[in-house]
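A.B. asks: I would like to see how this sequence folds:
(one chain, ligands or ions: 1)
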Amino acid sequence: MLFSNESCRIRTCTVKTAPDHLVRNGDGDELLFVHRGEGAFFCDFGHLDYREGDYLLIPRGTMWRFQPASDTRLLLIESSQASIGLPEKGLLGSHAIFDPAILDTPEIDDLFIRQQTEEQSRVLVKRHNRLTTIAYPFNPLDAIGWKGDLAVCRLNVADIRPVMSHRYHLPPSVHSTFVTDQFVVCTFCPRPMETDPGALKVPFFHSNDDFDELIFYHKGEFFSRDNISPGMLTLHPSGFPHGPHPKALATGQQGDRTTTDEIAVMIDSRDALKVSDEASRVEWEGYVDSWKEV
Ligand SMILES: [Fe+2]
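C.D. replies: Have a look, this model is predicted:
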């Protein structure tokens with residue numbers, strides 16, 4: 001686990017081959033973000049294919065497994081208290097920032113039916129952060145149908161239509177994609193820059209007094225941060241002032257850029273995030289000095 005608190009756990013992982021077991025999380029909902037790779041996803045609700053840029057929202061208690069077609073690198077976000085849901089859209093209307101109809105759900109298709117074998121299967125069940133193994137003399141992913149409004153759902157970042165204003169640098173909350181009572185997941189997608197000469201064109205300096213702010217960089221050129229590459233994470237704890245790096249600030253003031261070219265996932269957590277030893281071992285300690293002019 002890289003970062004955690006009472007309400008969420010966040011880590012990255014790579015899946016190279018299909019695991020020989022299923023998993024079921026009894027502690028909380030899971031939100032997976034596919035950073036790299038593609039393949040098939042099987043669960044209680046059927047089969048769907050995944051690809052780079054997909055979010056997969058998995059309700060607690062769902063059995064599932066991956067069958068990667070290529071090495072799959074994931075960001076995993078677990079909500080161990082509140083359910084993960086969609087944000088209120090308020091004045092923007094229910095079709096902002098993505099149409100709810102674009103959410104895909106698994107299907108009971110031929111591929112799903114074909115994997116329903118009588119082979120012995122194991123399910124690793126997580127509860128109270130401990131694992132228990134349940135063995136079945138068959139594959140328990142044997143549904144033939146389902147109804148209701150609870151299911152795994154998939155959203156690709158390409159289907160997110162970011163909100164912007166030509167005169168006003170909107171706060172990151174406008175990019176909220178998934179929410180719980182304790183944290184919010186925002187997606188930064190390519191968008192036009194502000195065009196009004198008086199508009200702020202880069203994020204304002206702030207100390208995010210209400211949230212710890214974790215950003216996973218997925219793709220593109222991260223215009224407000226220097227020396228950040230895809231696959232990296234930054235953590236800005238609550239109360240520590242920060243803003244654009246000096247080079248980004250200068251570029252923003254010159255007004256040469258017309259669009260952003262970045263895709264990033266931000267998790268803002270009300271409760272302080274604990275940094276694990278695993279995360280500390282790969283920390284780039286020079287990050288804190290990266291605001292110094294050179
Ligand atoms: Fe920030």
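A.B. asks: After the longest helix along the chain, heading C-terminal, what element do we hit next?
C.D. replies: Counting by DSSP state H, the longest helix found in the chain is helix 246-254. Counting by DSSP states H and E, the element after helix 246-254 in chain order, helix or strand, is strand 261-269.
A.B. asks: which residues of the stretch 101-250 of the chain score low on pLDDT?
C.D. replies: Across the stretch 101-250 of the chain, nothing is flagged by pLDDT under 70.
A.B. asks: near the ion, anything from the longest helix of the chain?
C.D. replies: No - using Cβ under 5 Å from the ion, helix 246-254 stays clear of the ion, coming no nearer than 12.8 Å. No exception for glycine: its C-beta is placed from N, CA and C like everyone else's.
A.B. asks: And the residue of the stretch 1-150 of the chain that's closest to the ion?
C.D. replies: Nearest to the ion in the stretch 1-150 of the chain, going by Cβ to the ion, is residue 3, at a distance of 15.4 Å.
A.B. asks: gap between the two ends of stretch 181-197?
C.D. replies: End-to-end distance of stretch 181-197 (Cα to Cα, to the nearest Å): 38 Å.
A.B. asks: mind listing what's buried in it?
C.D. replies: 182, 183, 184, 185, 186, 187, 188, 189, 191, 193, 194 (16 or more other Cβ atoms under 10 Å).
A.B. asks: cool, and stretch 73-93?
C.D. replies: 73, 74, 75, 76, 77, 78, 79, 80, 81, 84, 86, 87.
A.B. asks: mind listing which of these are in strands?
C.D. replies: 73, 74, 75, 76, 77, 78, 79 (DSSP state E).
A.B. asks: any chance of the buried residues of stretch 181-197 in CSV, plus secondary structure?
C.D. replies: What follows is these, written out as CSV (DSSP: H, G, I helix; E, B strand; the rest coil):
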residue, secondary structure
182, coil
183, strand
184, strand
185, strand
186, strand
187, strand
188, strand
189, coil
191, coil
193, coil
194, coil
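A.B. asks: helices and strands around the helix or strand harbouring residue 177, which ones?
C.D. replies: According to DSSP H and E, residue 177 maps onto strand 176-179. For strand 176-179, the elements it packs on are strand 54-58, strand 183-188, judged by 3 or more Cβ pairs under 8 Å, 6 or more residues apart in numbering; DSSP states H and E.
A.B. asks: and that strand, how far out from the chain's middle?
C.D. replies: Centroid displacement of strand 176-179 relative to its chain, using Cα atoms, centre = their mean, to the nearest Å, is 9 Å.
A.B. asks: Pull the residues that contact that strand.
C.D. replies: By Cβ atoms under 8 Å, 6 or more residues apart in numbering, the residues outside strand 176-179 that reach it are 31, 55, 57, 84-87, 97-98, 155, 160, 184-187.
A.B. asks: Send me that strand as CSV with only the CA atoms.
C.D. replies: Output of strand 176-179 as CSV, limited to C-alpha atoms (Å, rounded to 0.1, in the frame of the first residue of the first chain):
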residue,chain,number,x,y,z
SER,A,176,-14.7,15.7,-10.1
THR,A,177,-15.3,12.3,-11.6
PHE,A,178,-16.1,10.1,-8.6
VAL,A,179,-16.8,11.1,-5.0
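A.B. asks: List the buried residues in it.
C.D. replies: 176, 177, 178, 179.
A.B. asks: Those residues of the stretch 151-294 of the chain touching the ion, which are they?
C.D. replies: Proximity of the stretch 151-294 of the chain to the ion, by Cβ under 5 Å from the ion, involves residues 213, 236.
A.B. asks: Okay, strands next: where are they in the stretch 151-294 of the chain?
C.D. replies: 153-156, 176-179, 183-188, 212-221, 233-236, 261-269, 274-275 (DSSP state E, counting those that start in this stretch).
A.B. asks: Looking at those strands, which one is packed in the most?
C.D. replies: strand 183-188 (a mean of 24; mean count of other Cβ atoms under 10 Å).
A.B. asks: In this protein, which residue is most central in space?
C.D. replies: Note on the chain: the residue nearest the mean C-alpha position is residue 33, at 4.5 Å, using Cα atoms, centre = their mean.
A.B. asks: If we ignore the residues flanking it in sequence, what's nearest it?
C.D. replies: Spatial nearest neighbour of residue 33, chain neighbours left out: residue 75 (4.2 Å); criterion: Cβ to Cβ, 6 or more residues apart in numbering.
A.B. asks: Done for today, thanks.
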